[in-house]
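Undergrad: requesting a structural model of the entry that follows:
(2 chains)
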There are 2 protein chains.
Amino acid sequence: MVEEIRRKALKAKEASRQLARVSPRQKNEALKGMAEALIHQEAAILQANRQDQETAKGTGHSAAFLDRLALNPRRIRAMAQALKEIGALPDPVGEVSEMSIRPNGLMVGRMRVPLGVVGIIYESRPSVTADAAGLCLRAGNAVILRGGKEALATNIAIVDILTKEAIRADLPEGSITLIETPDRAAILELLQLDQLIDLLIPRGGPELIRFVVENSRIPVIRHEKGLCHTYVDEDADRTMAEEIVLNAKVERPGVCNAMESLLVHERIASDFLPGVARRLEEAKVELRGCLRSRALYPSMKEASDKDWDTEYLDLILSVRVVQDLEEALDHIALHGSGLAEAIVTQNYFTAWKFLREVDASSVFVNASTRFADGGEFGMGAEIGISTQKLHARGPMGFRELTCTKFIIMGEGQVRRSLS
Amino acid sequence: MVEEIRRKALKAKEASRQLARVSPRQKNEALKGMAEALIHQEAAILQANRQDQETAKGTGHSAAFLDRLALNPRRIRAMAQALKEIGALPDPVGEVSEMSIRPNGLMVGRMRVPLGVVGIIYESRPSVTADAAGLCLRAGNAVILRGGKEALATNIAIVDILTKEAIRADLPEGSITLIETPDRAAILELLQLDQLIDLLIPRGGPELIRFVVENSRIPVIRHEKGLCHTYVDEDADRTMAEEIVLNAKVERPGVCNAMESLLVHERIASDFLPGVARRLEEAKVELRGCLRSRALYPSMKEASDKDWDTEYLDLILSVRVVQDLEEALDHIALHGSGLAEAIVTQNYFTAWKFLREVDASSVFVNASTRFADGGEFGMGAEIGISTQKLHARGPMGFRELTCTKFIIMGEGQVRRSLS
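TA: Take a look at the predicted model:
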């Protein structure tokens, strides 16, 4: 097995050298072909998916898990649509920026180039397979996919279709690779191949991410938890604040950019909190408040220290009354996960202070944290939301799957040092 | 010791929050004050340095090692000058780019912000202490320095001066931290503090870098070896090629951007090689050639397979005749270290093909690889040359010690998903 994974990665590395020089048009045509083939061969994908679902049902997975695993014609059309949209956006590869002439006449600039080989390690959602392959190819990278073992038959069917279209569009063999070995030892082997793989992106639960980070010698971009706050300032428009809070908590509570903690300025708390609390309760949200919040809305449960650090991913909200902006900023610095944070205020100074000082990948003024998303930011599909600071921070599109190199054009310059 | 390092890192983290909002002027004044203080208190630094040199002499270090360790008034002036130059360049923090309005009216852009806390782990050169502190502060980061134990007295003297000036300029305590514990366990402890340190940059030999990469849970930017090629194309201007080759090999053979391998197109080899080989030999360069090179210049030694993968950092050069550009590109892809690669050619198509396809942090046409340097690229001092692809690639100035976050300005927008 070790040998086979190594051999596949070597082939991906070779393919990546050729992919780097493929024209935008050729990449787009491959993506379009893939999109159409997914729809035409829907039946094969659905059949494989039914097989995966049958196996999974027998092994006691949760309903949410089974839902993530399941495909249907609508979901396959969405996969195809994403591939088409990725193809329609401008190609980042070859873009030259910051070119300038140095005093000695050298022209120095930066050229955007693919990373090389990208490894995506993910869990049960088979739509990641097509998205990740499309985003990597669009950026000129070869991709190695390692999906969850429960989706193996579906992933084999999808990759088979994508690979055939890639070859039809004259992309090199090895552009898309699926690691079919089901056990975790296969991931461990991938993690050692730092000479062949340039970047790893784990997508999944905290356990998977920790496993990858702790065992890898390859750079990893991680998307960890989202513990997002909304701070309602004393100068907030109360109606706007109510709508934003409701949306951030209720619209889709199970995702990383949903709000988990509400902070309210003490001067607006007695006016604002009871009304919004009632609406949240009507929407089936369980509220867990600090002492001052509970004094204003006694039916709240008492929040424990642990609540301020808990990503519920559920219809639960912790609520705290703060003295001022500084206390809100301190609370967010201490408890925030660095994903998305929002303020509601009409005050210019307060808004800019919040924007500048909050250390998170997306900082919002007067909007719901639910917008922290590659599609909403205009990137097309996203490969994930990075909560780390290096290379890519926040929603990552295919542009974040490239890097730059310096290009230097001379006329025979040589260097004379002083030393 | 473990507790003390943790406590220092925690203090650095606290300082970093304040540093992120310090004005450019205040940072510049701190840097100017530091530069002047280094010169005024030269005597204290030199005395500490003499102490370090005495200790090191007794323990059998090489002359090159002792030279790197030694300071003199000229080197201290150079340290001060670097701090002034860092202060004079534009501040990257707060820069907003790519701001655009989404269809729903949200304004989405990216704001450049400091990384937070940067750890620099280096070996014997005490000038790194001032450079690294200056670059980190300029980018709004707190810095934790861990220099070589042989330079400890010197580093204590330098950091003492820098810290006093930082506090005089009203920067927070904890902005500059020196880890004084001499043993490697102190580094190991630093490497575990992924909640407090945002980036590690090891500067030193391969053993140090490997140690940091293999033991760290914090993102690392590494500067590994430089195995640079110069490819002399069939369409090269021969005089220009000769000057570039001589410069890249001879001017300073011990540094990472010096050339280690010369590739020559077979159609120009008989005209070009003997002349340049003679000049290289006159400059005391030992030549190790392939069979075809030796046929043209018989006094060359025979290159072994190992030579193509060896970074000599010395007056030694491997020489190979290649069939064409493709063979040169293959050789570089196989043996290059990804630092800097150069071509000499007058042919437009060949030049652009080389620029686009070579996978290295700096790709040169008609210039010496010796220019791969932050100062030469206009960045001021450099914190190192990254040979990795993520976040920063090539020479790194203080701008590379920042990252961006998304800022989003709304008017009450909430999200309505389709699903």
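Undergrad: neighbours of the residue nearest to A:Ala78 when sequence neighbours are not counted, just the number please.
TA: Nearest non-adjacent residue to A:Ala78, counting by CB to CB, 6 or more residues apart in numbering or on different chains: A:Ser127, 7.1 Å away. Backbone N, C-alpha and C define where each C-beta goes, glycine included. Residues near A:Ser127, counting by other CB atoms under 10 Å in any protein chain shown, number 18.
Undergrad: equivalent analysis for A:Lys57, please.
TA: Neighbour count for A:Lys57, taken as other CB under 10 Å: 11.
Undergrad: try A:Gln388
TA: A:Gln388 has 18 neighbours, counted by other CB under 10 Å.
Undergrad: isn't the residue nearest to A:Ala78 up against A:Met79?
TA: Yes: assessed by CB atoms under 8 Å, A:Ser127 is found in contact with A:Met79 at 5.2 Å.
Undergrad: what helix or strand does A:Leu200 sit in?
TA: According to DSSP states H and E, A:Leu200 maps onto strand A:199-203.
Undergrad: typo on my end, A:Thr129
TA: helix A:127-138.
Undergrad: what's that helix packed up against?
TA: Secondary-structure packing of helix A:127-138 (3 or more CB pairs under 8 Å, 6 or more residues apart in numbering or on different chains; DSSP states H and E): helix A:24-40, helix A:73-88, strand A:117-122, strand A:142-146, helix A:152-168, strand A:176-178.
Undergrad: ok, the last one: who's next to it in the sheet?
TA: Put plainly, it is strand A:176-178. As defined by DSSP bridges, the strand partners of strand A:176-178 come to strand A:142-146 (parallel).
Undergrad: now the angle between strand A:199-203 and the partner strand, please.
TA: Between strand A:142-146 and strand A:199-203, the angle comes out at 40 degrees (axes from the mean of the first three to the mean of the last three CA atoms, to 10 degrees).
Undergrad: please give me every residue in contact with the residue nearest to A:Ala78.
TA: Contacts for A:Ser127 (CB atoms under 8 Å, 6 or more residues apart in numbering or on different chains) come out as A:71, A:75, A:78-79.
Undergrad: with respect to chain B, which of the residues you listed is nearest?
TA: For those, the minimum distance to chain B (CB to the nearest CB) is 9.4 Å, reached by A:Ala78.
Undergrad: confidence score at that closest one?
TA: We have a pLDDT of 93 for A:Ala78.
Undergrad: give me the number of residues near it?
TA: Per other CB under 10 Å, the neighbour tally for A:Ala78 reads 16.
Undergrad: equivalent analysis for A:Glu243, please.
TA: Other residues near A:Glu243 come to 18 when the count uses other CB under 10 Å.
Undergrad: pick the most deeply packed of the helices and strands packed on helix A:127-138.
TA: Neighbour counts (mean count of other CB atoms under 10 Å in any protein chain shown) averaged over each of the helices and strands packed on helix A:127-138 peak at strand A:142-146, with a mean of 27.
Undergrad: for the helices and strands packed on helix A:127-138, which one sits closest to A:Gly275?
TA: helix A:73-88 (37.4 Å; CB to CB).
Undergrad: domain parsing for chain A?
TA: A:2-224, A:228-371 (automatic domain parsing).
Undergrad: distance between the ends of the longest one?
TA: Okay, so that is domain A:2-224. 29 Å (CA to CA, to the nearest Å).
Undergrad: give me the mean pLDDT for the next helix-or-strand element following the strand holding A:Leu200.
TA: Sequence order places helix A:206-215 as the next helix or strand after strand A:199-203, per DSSP H and E. Throughout helix A:206-215, pLDDT has a mean value of 88.
Undergrad: by contact count, what packs against the following helix or strand past helix A:206-215?
TA: Next in sequence after helix A:206-215, counting helices and strands by DSSP H and E, comes strand A:228-232. Strand A:228-232 is packed against helix A:238-250, strand A:259-265, helix A:325-335, strand A:340-344, with contacts defined by 3+ CB pairs under 8 Å, 6+ apart.
Undergrad: quick check: residues of the stretch 51-200 of chain A near chain B?
TA: A:94, A:100, A:102, A:106, A:108, A:111, A:113, A:115-116, A:198-199 (CB under 8 Å from any CB of the partner chain).
Undergrad: and A:Glu242, how many neighbours does it have?
TA: Residues lying near A:Glu242 (other CB under 10 Å) number 18.
Undergrad: which one of the helices and strands packed on strand A:228-232 is the most hemmed in?
TA: strand A:340-344 (a mean of 31).
Undergrad: which elements pack onto the next helix or strand after that strand?
TA: Tracing the chain past strand A:340-344, the next element assigned as helix or strand by DSSP H and E is helix A:348-357. The helices and strands touching helix A:348-357, judged by 3+ CB pairs under 8 Å, 6+ apart, are helix A:325-335, strand A:340-344, strand A:362-367, strand B:402-413.
Undergrad: okay, the nearest residue to A:Ala367 once chain neighbours are set aside: pLDDT?
TA: The shortest distance from A:Ala367 to any non-neighbouring residue, by CB to CB, 6+ apart, is to B:Gly410 (2.9 Å). What the model reports as pLDDT for B:Gly410 is 97.
Undergrad: what sits against B:Gly410?
TA: Neighbouring residues of B:Gly410 by CB under 8 Å, 6+ apart: A:364-367, A:371, B:105-107.
Undergrad: which among the residues you listed end up buried?
TA: Those of these that meet the buried threshold are A:364-367, A:371, B:106, by 16 or more other CB atoms under 10 Å in any protein chain shown.
Undergrad: low-confidence stretches in the stretch 151-300 of chain A?
TA: Applying pLDDT under 70 to the stretch 151-300 of chain A picks out no residues at all.
Undergrad: 80 instead, please
TA: Within the stretch 151-300 of chain A, the segments meeting pLDDT under 80 span A:182, A:224.
Undergrad: without its sequence neighbours, what residue ends up closest to the closest residue to chain B within it?
TA: Residue of the stretch 151-300 of chain A nearest chain B, by CB to the nearest CB: A:Asn247 (3.5 Å). Nearest non-adjacent residue to A:Asn247, counting by CB to CB, 6+ apart: B:Val414, 3.5 Å away.
Undergrad: with A:Leu263 instead?
TA: A:Tyr231 (4.3 Å).
Undergrad: hmm, the one you found is touching A:Ala342, no?
TA: Yes: judged on CB under 8 Å, A:Tyr231 makes contact with A:Ala342 at a distance of 7.0 Å.
Undergrad: pLDDT at the nearest residue to A:Ala342 once chain neighbours are set aside, what is it?
TA: With CB to CB, 6+ apart as the criterion, A:Ala342 has its nearest non-adjacent residue at 3.8 Å, and that residue is A:Phe364. Looking at A:Phe364, its pLDDT is 98.
Undergrad: and A:Leu145, what does it touch?
TA: A:120, A:122, A:129, A:132-133, A:155, A:159, A:176-179.
Undergrad: picking up where we left off before, ok, which of the helices and strands packed on strand A:228-232 comes nearest B:Ala283?
TA: Per CB to CB, nearest to B:Ala283 of the helices and strands packed on strand A:228-232: helix A:325-335, 57.7 Å.
Undergrad: now that closest one - C-alpha only, PDB.
TA: This file holds the C-alpha atoms of helix A:325-335, laid out as PDB (Å, rounded to 0.1, in the frame of the first residue of the first chain):
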ATOM      1  CA  LEU A 325     -16.500  48.300  23.600                       C
ATOM      2  CA  GLU A 326     -13.200  47.500  25.400                       C
ATOM      3  CA  GLU A 327     -14.800  44.700  27.400                       C
ATOM      4  CA  ALA A 328     -16.400  43.300  24.200                       C
ATOM      5  CA  LEU A 329     -13.000  43.400  22.500                       C
ATOM      6  CA  ASP A 330     -11.400  41.700  25.400                       C
ATOM      7  CA  HIS A 331     -14.100  39.000  25.500                       C
ATOM      8  CA  ILE A 332     -13.700  38.300  21.800                       C
ATOM      9  CA  ALA A 333      -9.900  38.200  22.000                       C
ATOM     10  CA  LEU A 334     -10.100  35.700  24.900                       C
ATOM     11  CA  HIS A 335     -13.000  33.500  23.600                       C
END
